[in-house]
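[1] 3D model of this:
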Amino acid sequence: MSIQNRLLLVYALIFSVVYFLSSLVIYILPRDQLLAQVDGDLYSLAAELMNGKIEVGADGIIRMPLPSALATLQTASTFLIIVNREGEIVFQSSNLAGFDELLDPESLGISEVYRLVPREDTLLRVLTVPVFDNQQQPIGHIQVARLLDNFEIFNRVLSRALLISLGAAIASLVVLAILTSSLFRPLEDIASVARQITKADDLSRRVPHSSRTDEIGDLARAFNQTLERLDRLFRSQQRFLADVSHELRTPLTSVRGNLDLMSRFGRYDEESMSVIQDEMERMSRLLGDLLLLARADTGGLPLRHEPVELDNILIEVYRQVSRIEKPVAVELVDVDQVMILGDEDRLKQLILNLVDNGIKYTLPGGTVRLSLSKESSWAHLIVADTGIGIPPEDLPHIFDRFYRVDKARSRAQGGSGLGLAIAKWVVQAHGGAIQVDSTPGQGTTFRITLPLYQTQTTVIDQRGEPGDVDSKAWSGLRGRALPGTPRRGRQPNEKEGN
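    Alright, predicted model coming up:
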């Protein structure tokens with residue numbers, strides 16, 4: 001059963017119960033109140049008769065004083081009859097002339113009885129009261145009655161009103177069914193489009209009603225956002241597979257060509273073997289990067305979280321790069337003493353990827369500058385180059401996997417298009433952020449922000465007095481310094497290894 005039908009069923013049940021209970025209350029309460037008022041009037045009339053002196057003659061006739069108003073009862077709606085113990089009428093009001101029956105023959109007992117007695121096309125409310133003599137012996141009965149024409153009219157009007165309200169209730173349910181159907185039609189449209197998208201595998205389509213401002217509009221917008229993300233991921237996966245296939249096909253083609261060449265000439269060729277070795281190393285790096293990103297995506301790549309001296313890692317990378325002959329100068333501009341919580345190997349990989357990227361895209365004679373500083377509770381690492389720069393339209397995509405600004409140049413230089421993707425993942429895994437600014441023809445600057453590792457240790461300063469200093473700064477005082485490299489927090493006369 002659909003939600004719409006279930007809601008209609010629930011509404012109908014609730015409405016029926018409420019209607020039944022309200023109708024019952026409306027019908028019973030006024031009826032009881034009206035009867036109670038009539039019964040009170042009848043009882044007052046009977047009590048007025050009983051308060052007089054009652055005697056029984058030798059002939060069995062009951063004698064009691066009757067007020068003049070009660071003796072005649074010229075009203076058209078109130079009646080009085082007095083009967084003896086044999087049930088014979090000994091007195092009746094003048095408005096009962098020609099009526100020789102008891103008002104309520106079935107109530108001649110020893111207790112007061114109120115009954116509704118139908119008479120032809122009308123209804124009487126009759127009170128029958130037994131009459132006793134001084135010895136408390138029954139001598140007869142008094143019956144007083146009230147014509148209930150108004151009560152019958154009230155009942156008829158009330159019944160008609162309830163029937164009309166029942167018709168209105170049924171009409172309301174019909175209107176509710178129509179409104180419910182119109183309210184659920186947008187959901188049916190969304191479900192229909194979603195099924196069509198699934199059947200056609202067309203993630204570019206969008207569900208309707210996204211311009212609404214109610215909950216259905218929120219649902220449509222959320223569903224469209226999900227479709228957009230899935231479409232983007234699906235296209236990214238297709239591009240990823242195509243790029244991986246292309247990246248692997250190129251070195252394999254080179255290896256196969258060189259092997260065919262050596263096989264044709266039937267001798268060992270050092271140049272061909274060198275090319276084969278280079279291509280195999282390139283494939284190994286590519287597969288290693290792919291494995292790293294795949295494990296990172298699935299959460300299967302654990303990271304160590306331990307205090308790391310980021311300045312020492314930067315200096316180590318600088319020394320490693322400085323030993324390589326290259327047409328680009330690498331400078332260590334400014335290094336502050338910084339300790340963060342992270343994985344030393346991954347942080348070193350981050351800096352190496354950024355420096356390697358800067359060297360690749362900087363023309364001979366250019367410069368790659370490294371700097372490290374801290375401010376408040378954040379560390380700031382900057383890798384800037386004077387290279388060819390990145391066009392503005394390519395900046396949003398440089399961290400995408402296999403994305404290259406100059407694809408021909410990157411492939412010739414051995415790049416796989418995964419270095420910046422790995423760098424971004426390392427930064428985000430350490431709770432930081434990476435930004436890039438670039439001007440074509442002038443250079444590119446990568447800015448990395450990482451949270452500092454906050455810890456305080458009490459030490460003895462140079463004056464012999466205790467004081468709180470950063471434990472990282474204390475360990476940095478014993479760190480290694482590069483000749484000629486400015487470094488804040490160090491004395492000019494400090495030597496390496498002190």
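
[2] which neighbours does the helix or strand containing residue 129 have in its sheet, and in what orientation?
    Here residue 129 sits within strand 122-132, counting by DSSP states H and E. If you go by DSSP bridges, strand 122-132 pairs up with strand 113-119 (antiparallel), strand 138-147 (antiparallel).

[3] contact partners of the shortest one?
    When contacts are defined by CB atoms under 8 Å, 6 or more residues apart in numbering, strand 113-119 is touched by residues 39, 42, 103-104, 106-107, 123-128, 145, 148. C-beta coordinates here come from the backbone N, C-alpha and C atoms, glycine included.

[4] can you give me the helices for this structure?
    3-50, 68-72, 149-200, 215-265, 270-297, 310-322, 344-360, 407-412, 419-429, 471-477 (DSSP state H).

[5] and residue 398, which of these is closest to it?
    Closest to residue 398 of those, according to CB to CB: helix 419-429, at 5.6 Å.

[6] Who are the packing partners of the closest one?
    When contacts are defined as 3 or more CB pairs under 8 Å, 6 or more residues apart in numbering; DSSP states H and E, helix 419-429 sits against helix 270-297, helix 344-360, strand 433-439, strand 443-451.

[7] possible to save the ones you listed as JSON lines with mean pLDDT and mean neighbour count?
    Output for those, formatted as JSON lines (pLDDT from 0 to 100; neighbours: other CB atoms under 10 Å):
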{"stretch": "helix 270-297", "mean pLDDT": "76", "mean neighbour count": "14"}
{"stretch": "helix 344-360", "mean pLDDT": "92", "mean neighbour count": "21"}
{"stretch": "strand 433-439", "mean pLDDT": "94", "mean neighbour count": "15"}
{"stretch": "strand 443-451", "mean pLDDT": "95", "mean neighbour count": "20"}
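
[8] Pipe the ones you listed into TSV and attach distance to residue 235 per row.
    Formatted as TSV, the helices and strands packed on helix 419-429 follow (distance: least, CB to CB, whole Å):
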stretch	distance to residue 235
helix 270-297	17
helix 344-360	25
strand 433-439	23
strand 443-451	27
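
[9] Now do the contacts for residue 216.
    186-187, 190, 209.

[10] out of those residues, who's nearest residue 49?
    residue 187 (74.6 Å).

[11] gap between the nearest residue to the closest one once chain neighbours are set aside and residue 427?
    Spatial nearest neighbour of residue 187, chain neighbours left out: residue 216 (6.6 Å); criterion: CB to CB, 6 or more residues apart in numbering. The gap separating residue 216 from residue 427 is 40 Å, by CB to CB, to the nearest Å.

[12] Over to residue 310?
    Computed as CB to CB, the residue 310 to residue 427 distance reads 12 Å.

[13] and what of residue 325?
    Computed as CB to CB, the residue 325 to residue 427 distance reads 30 Å.

[14] out of these two, which sits in the busier spot?
    residue 427 (22 against 4; other CB atoms under 10 Å).

[15] show me what contacts residue 454?
    residue 377.

[16] If we use 6 Å, what do you get?
    With contact set as CB atoms under 6 Å, 6 or more residues apart in numbering, residue 454 has no partners.

[17] cool, residue 46 as well?
    Counting by CB under 6 Å, 6+ apart, residue 46 has contacts 127, 129, 142, 144.

[18] residues contacting the residue lying closest to the third one once chain neighbours are set aside?
    The reference is to residue 142. Among residues not flanking residue 142 along the chain, residue 129 sits closest, at 4.8 Å (CB to CB, 6+ apart). The contact partners of residue 129, by CB under 6 Å, 6+ apart, come to 46, 112, 142.

[19] could you measure residue 129 against residue 111, distance?
    As judged by CB to CB, residue 129 and residue 111 stand 9 Å apart.

[20] Then residue 256?
    Applying CB to CB to residue 256 and residue 111 gives a distance of 120 Å.

[21] The two: who's more crowded?
    Neighbours per residue, other CB under 10 Å: of residue 256 and residue 111, the larger number sits with residue 256, 12 against 8.

[22] What's the per-residue pLDDT of the more buried one here?
    Residue 256 carries a pLDDT value of 78.

[23] Next: the one 10 residues further on.
    Each residue has a pLDDT score; the one for residue 266 is 73.

[24] how about it, phi and psi?
    phi 70, psi 30 (degrees, to the nearest 10).

[25] Just give me the neighbour total for it.
    Close neighbours of residue 266, defined as other CB under 10 Å, add up to 6.

[26] how close does it get to residue 260?
    Residue 266 is 12 Å from residue 260, by CB to CB.

[27] what's the answer for residue 110, then?
    For residue 110 relative to residue 260 (CB to CB), the value is 130 Å.

[28] Residue 207: how many residues sit nearby?
    22.

[29] I'd assumed residue 188 was in contact with it.
    No: assessed by CB atoms under 6 Å, residue 207 is found out of contact with residue 188, at 11.3 Å.

[30] Dump the contacts of strand 113-119 into CSV; add pLDDT and distance to residue 231 as well.
    Formatted as CSV, these follow (pLDDT from 0 to 100; distance: CB to CB, whole Å):
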residue, pLDDT, distance to residue 231
39, 82, 80
42, 81, 85
103, 87, 90
104, 88, 87
106, 88, 87
107, 88, 88
123, 80, 78
124, 85, 84
125, 86, 81
126, 91, 86
127, 91, 86
128, 92, 89
145, 89, 87
148, 77, 78
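
[31] okay, these in JSON lines with distance to residue 229 and neighbour count next?
    As requested, the contacts of strand 113-119 are exported to JSON lines (distance: CB to CB, whole Å; neighbours: other CB atoms under 10 Å):
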{"residue": "39", "distance to residue 229": "77", "neighbour count": "14"}
{"residue": "42", "distance to residue 229": "82", "neighbour count": "22"}
{"residue": "103", "distance to residue 229": "87", "neighbour count": "24"}
{"residue": "104", "distance to residue 229": "85", "neighbour count": "21"}
{"residue": "106", "distance to residue 229": "85", "neighbour count": "11"}
{"residue": "107", "distance to residue 229": "85", "neighbour count": "20"}
{"residue": "123", "distance to residue 229": "76", "neighbour count": "16"}
{"residue": "124", "distance to residue 229": "82", "neighbour count": "18"}
{"residue": "125", "distance to residue 229": "78", "neighbour count": "22"}
{"residue": "126", "distance to residue 229": "83", "neighbour count": "22"}
{"residue": "127", "distance to residue 229": "83", "neighbour count": "23"}
{"residue": "128", "distance to residue 229": "86", "neighbour count": "26"}
{"residue": "145", "distance to residue 229": "84", "neighbour count": "25"}
{"residue": "148", "distance to residue 229": "76", "neighbour count": "21"}
